[in-house]
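> Task: produce atomic coordinates for the following.
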Amino acid sequence: MTFTSRFDLPDEPENLTLRADVIARQRYADDYGVRWRGLPIGRILLGSGAPHDRPQWSWSCHLSGRPQAGDERGTGADLAGAKRRFKAAWSRIRAGLTDQDIAKAQVIAENSRKALAWC
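Below you'll find the model as predicted:
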């Protein structure tokens, strides 16, 4: 499982795609959405206002339709560290997913996309 950028689309279905987040049509530096098979599964971003002696990067890994466990979010000292921790959490989540879980997440993602299109 590897991360790719939004410009380097993966052929392997288990790859994670890191995309710059756009919120209200504005791109935010150092704020990335993470996708797997086109599904949003989390976010990695540079924290603002964190003390310099604490990790600056935050990450959160989740799949729509299932609760997020405490070990599925955290911090990293840098982007590479946050990516490593994210991938470890996603590997644990992915190992327990059923086809039904994935189908449910796809329906939720599509309904979200449609709802946001009306905004």
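
> Output the lowest mean pLDDT helix or strand found in this protein.
strand 3-5 (a mean of 58; mean pLDDT, DSSP states H and E).

> Heading C-terminal from it, find the next helix or strand.
Toward the C-terminus, strand 3-5 is succeeded by strand 16-23 as the next helix or strand (DSSP states H and E).

> Just the angle for the helix or strand just after that following strand relative to strand 16-23, thanks.
Proceeding N to C from strand 16-23, the next assigned helix or strand is strand 26-36, under DSSP H and E. Relative orientation of strand 26-36 and strand 16-23, computed by axes from the mean of the first three to the mean of the last three C-alpha atoms, to 10 degrees: 150 degrees.

> Show residues contacting the longest helix along the chain.
For the chain, the helix with the greatest residue count under DSSP state H is helix 99-117. By C-beta atoms under 8 Å, 6 or more residues apart in numbering, the residues outside helix 99-117 that reach it are 37-40, 63-66. Every residue, glycine included, has its C-beta placed from N, CA and C.
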